[in-house]
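Peer 1: For reference, the sequence and a predicted model appear below.
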Amino acid sequence: MALSLDALHQPMNDFFLEHFATAASTHVVFRFDRFGSTLSPSDFEDPADPAAGWSAVVARERFSDLVNRIPVDAGDGASVVMTSDSVDSLWFDRLLGPAQPYLAPDAGAEERAEALRVFSLVKSRALRLWEDLSLESSSGLRSRFRVAEASPSRWSDPTAQEVWTSTTFQVGSPTPPDTGTVEPVDPEAEHLQWRLRASSTVLADALAAPDLTALLVAEPAPVSAVAVALRAEPALALRAEPALRATALRRLVETEPDTVAPAGASVDAPLLARAFDTATLRLDLTERLHVRQLVQEQAPSEAVTTSSVRVELEYCLVDVRREWLLDSLVNDDGWCIPGSVAGELTDPARRGSLPLLPVGMVVVRRLHISAAWSAADLALARSATSFGPFDITPDQATGRLDHEGPQVIGWMLQQLPPLPPQPVLAPDRAEPVVESVVEPAEPGTAEPRTHTVRRGDTLWAIAQAAYGDGARWPEIAHANGELDPVALQVGAVLTLP
């Protein structure tokens with residue numbers, strides 16, 4: 001029987017989960033990276049000084065970018081697609097920033113006051129970490145990134161041989177002698193796929209995008225300029241105008257001195273593929289992976305018909321630590337987000353949610369895949385770019401599939417609890433959390449500001465509106481005669497120190 005995706009995933013799932021250390025209470029799963037993330041040594045070098053080789057500073061930023069992508073379940077039970085949505089943006093903009101304390105309506109005054117105090121401490125710490133654990137980008141774009149730490153820290157250093165371990169997987173059942181017939185493919189199973197080279201049209205469209213067309217000239221564009229262009233034109237235009245496509249093809253032929261193409265003639269797919277690889281290698285790592293994914297999504301695929309393969313590789317299992325993503329807030333059930341239902345931010349059915357958090361990364365190199373290939377697979381391998389989650393370079397003489405360089409083939413993913421943990425209570429059950437409005441003092445006076453309590457106000461919300469920091473609510477309480485934080489009277493005028 002032909003290989004299923006699960007036949008490859010299951011032994012690797014068991015192997016990497018066994019070798020990935022997690023707390024007993026943490027639910028972690030292993031998933032393949034559906035489109036893979038092929039890496040280059042130049043990704044971790046300083047563009048301003050490539051001769052210096054691997055840079056710890058650049059590697060730290062590239063790793064932070066690489067693991068900042070939000071994964072989405074591919075629906076096959078074995079893979080995820082890494083999207084351009086970012087973990088740090090969701091964390092701050094949609095979770096940490098708007099989070100407010102949840103005060104249960106049936107709780108007593110002391111219990112509610114304690115809940116408010118605890119939440120204030122947790123959120124204050126989370127905000128400090130968010131501000132402290134950011135660094136200036138090395139791209140020259142005057143942007144900042146949130147630091148994710150890798151362990152081992154030198155996983156991307158080509159000279160760090162000690163971080164790699166060899167292993168072998170024998171997948172599937174022995175293949176019977178090839179009789180010229182094709183092994184049946186179970187229509188109910190998610191079968192292992194060859195991904196074939198994208199068509200000339202798809203590659204030409206990608207190359208015709210303005211950002212990649214600019215990279216086909218002799219002098220590569222500065223990394224920062226490319227990044228700016230891509231951010232301004234993120235769709236990259238696999239939808240280029242015919243004139244741009246023609247320009248790209250002309251420049252492509254001009255940069256290949258051994259190629260002679262009459263006017264109006266098409267350029268073959270292998271040549272386009274080489275030009276595409278050359279152009280995209282000059283992109284920033286995460287932008288390059290995004291562009292390749294756009295192309296691979298449109299590439300044809302065919303089911304593997306061979307029933308057994310041997311996979312030899314070296315692997316490095318990289319742990320991901322984000323100190324700014326505070327576990328104590330994730331695991332605290334005493335908060336809510338105005339306008340959000342409980343569990344909304346981690347609901348896998350909602351676009352842009354974060355049900356799975358990357359906490360580990362499986363990088364492999366020196367990949368060798370061998371088998372008693374079926375005749376159909378031998379034919380497909382000639383134009384294949386990947387075998388399942390692995391990027392490959394087929395060897396026509398030996399029938400072996402190889403890839404020497406590093407590539408990310410999978411992720412260790414933590415399943416997050418429902419976030420936010422609590423709903424915003426309906427008006428008939430409790431006073432809802434609402435946006436507070438602070439009344440300014442009269443111009444030219446030394447009078448302190450005041451706030452008139454409205455239905456649904458909390459001291460946290462008032463402090464957030466007044467100072468930009470809800471954790472400063474005790475200052476308001478003290479300034480108003482040790483005000484009871486859970487018994488605000490509608491219409492009361494509070495002094496804001």
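Peer 2: Alright, I've got the coordinates.
Peer 1: Can you give the domain ranges for this protein?
Peer 2: Using automatic domain parsing, the domain parsing of the chain gives 5-175+302-415, 198-296, 449-496.
Peer 1: Helices of the protein, residue ranges please.
Peer 2: 5-19, 56-66, 87-89, 109-132, 200-208, 210-213, 223-232, 242-254, 269-280, 285-296, 327-330, 375-381, 459-467, 473-479 (DSSP state H).
Peer 1: May I see the buried residues of the first one?
Peer 2: Within helix 5-19, the residues scored as buried using 16 or more other Cβ atoms under 10 Å are L5, D6, A7, L8, H9, M12, N13, F15, F16. Where C-beta positions appear, they are placed from N, C-alpha and C, glycine not excepted.
Peer 1: which among those residues gets closest to I369?
Peer 2: The nearest member of these to I369, counting by Cβ to Cβ, is L8 at 10.3 Å.
Peer 1: Worst mean pLDDT among the helices of the chain?
Peer 2: Among those, helix 223-232 carries the lowest mean pLDDT, at a mean of 36.
Peer 1: So R144 sits against E136, correct?
Peer 2: Yes: contact between R144 and E136 holds when scored by Cβ atoms under 8 Å: they sit 5.9 Å apart.
Peer 1: quick one: R351 and S151, what's the gap?
Peer 2: As judged by Cβ to Cβ, to the nearest Å, R351 and S151 stand 32 Å apart.
Peer 1: most centrally placed residue in this structure?
Peer 2: R69 (1.3 Å; Cα atoms, centre = their mean).
Peer 1: if we can go back for a sec, make CSV from the buried residues of helix 5-19 and add distance to R34 to it.
Peer 2: Formatted as CSV, the buried residues of helix 5-19 follow (distance: Cβ to Cβ, whole Å):
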residue, distance to R34
L5, 10
D6, 14
A7, 17
L8, 13
H9, 12
M12, 14
N13, 15
F15, 19
F16, 17
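Peer 1: Mean pLDDT per helix and strand in this structure: which one sits at the bottom?
Peer 2: helix 223-232 (a mean of 36; mean pLDDT, DSSP states H and E).
Peer 1: Identify the spatial nearest neighbour of S386, chain neighbours not counted.
Peer 2: Computed as Cβ to Cβ, 6 or more residues apart in numbering, the closest residue to S386 that is not its neighbour in sequence is R195, at 4.3 Å.
Peer 1: was I right about that neighbour contacting A299?
Peer 2: Yes: with contact defined as Cβ under 8 Å, R195 and A299 form a contacting pair (5.5 Å).
Peer 1: between the two, which one's more packed in?
Peer 2: Using other Cβ atoms under 10 Å as the criterion, R195 and A299 rank with R195 on top: 24 against 18.
Peer 1: residue contacts, the more buried one?
Peer 2: Q296, A299, P300, S301, A384, T385, S386, F387 (Cβ atoms under 8 Å, 6 or more residues apart in numbering).
Peer 1: So for it, what pLDDT did the model give?
Peer 2: So, for R195, pLDDT stands at 93.
Peer 1: closest to P421 out of the domains of the chain?
Peer 2: Per Cβ to Cβ, nearest to P421 of these: domain 5-175+302-415, 4.1 Å.
Peer 1: First-to-last residue distance for the closest one?
Peer 2: 22 Å (Cα to Cα, to the nearest Å).
Peer 1: what do you get for stretch 336-343?
Peer 2: Counting by Cα to Cα, you get 10 Å between the two ends of stretch 336-343.
Peer 1: can you list contacts of it?
Peer 2: So stretch 336-343 is contacted by 94-95, 98-102, 344-345, 418-424, 432-435 (Cβ under 8 Å, 6+ apart).
Peer 1: Could you do stretch 143-154 as well?
Peer 2: So stretch 143-154 is contacted by 56, 59-61, 63-65, 67-68, 88, 130, 133-137, 156, 160, 163, 316, 318-324 (Cβ under 8 Å, 6+ apart).
Peer 1: Of those, which count as buried by neighbour count?
Peer 2: 59-61, 63-65, 67-68, 88, 130, 133-134, 137, 156, 163, 316, 318-320, 322, 324.
Peer 1: about what we covered before: among R351 and S151, which residue is more densely surrounded?
Peer 2: S151 (13 against 8).
Peer 1: roughly how far apart are the more buried one and D88?
Peer 2: For S151 relative to D88 (Cβ to Cβ), the value is 19 Å.
Peer 1: Same check on P423?
Peer 2: In terms of Cβ to Cβ, P423 sits 25 Å off from D88.
Peer 1: what do you get for R351?
Peer 2: Counting by Cβ to Cβ, the gap from R351 to D88 is 18 Å.
Peer 1: hmm, back to that, going by distance to L494, which of the buried residues of helix 5-19 wins?
Peer 2: L494 lies nearest to F16 out of the buried residues of helix 5-19, by Cβ to Cβ, at 55.4 Å.
Peer 1: Give me the nearest residue to that closest one, chain neighbours excluded.
Peer 2: F30 (5.0 Å).
Peer 1: what's the pLDDT at that neighbour?
Peer 2: pLDDT, read off for F30, is 97.
Peer 1: count of neighbours near P420?
Peer 2: P420, neighbours per other Cβ under 10 Å, totals 24.
Peer 1: Contacts only, for it.
Peer 2: L95, A99, W335, C336, I337, S340, A342, G343, E344, L345 are the contacts of P420 under Cβ under 8 Å, 6+ apart.
Peer 1: Now with 7 Å, please.
Peer 2: A99, W335, C336, I337, S340, A342, E344, L345 (Cβ atoms under 7 Å, 6 or more residues apart in numbering).
Peer 1: Distance of it relative to S89?
Peer 2: 17 Å.
Peer 1: Could you point out which residue ranges in the stretch 351-497 of the chain have low pLDDT?
Peer 2: 396-397, 425-447, 456, 482-487 (pLDDT under 70).
Peer 1: rerun that using 90 as the cut-off
Peer 2: For the stretch 351-497 of the chain, applying pLDDT under 90 flags the ranges 351-352, 382-383, 393-400, 424-497.
Peer 1: Confirm for me that the residue nearest to the centre of the chain is in contact with V81.
Peer 2: No: here R69 lies out of contact with V81, judged by Cβ atoms under 7 Å, at a distance of 9.4 Å.
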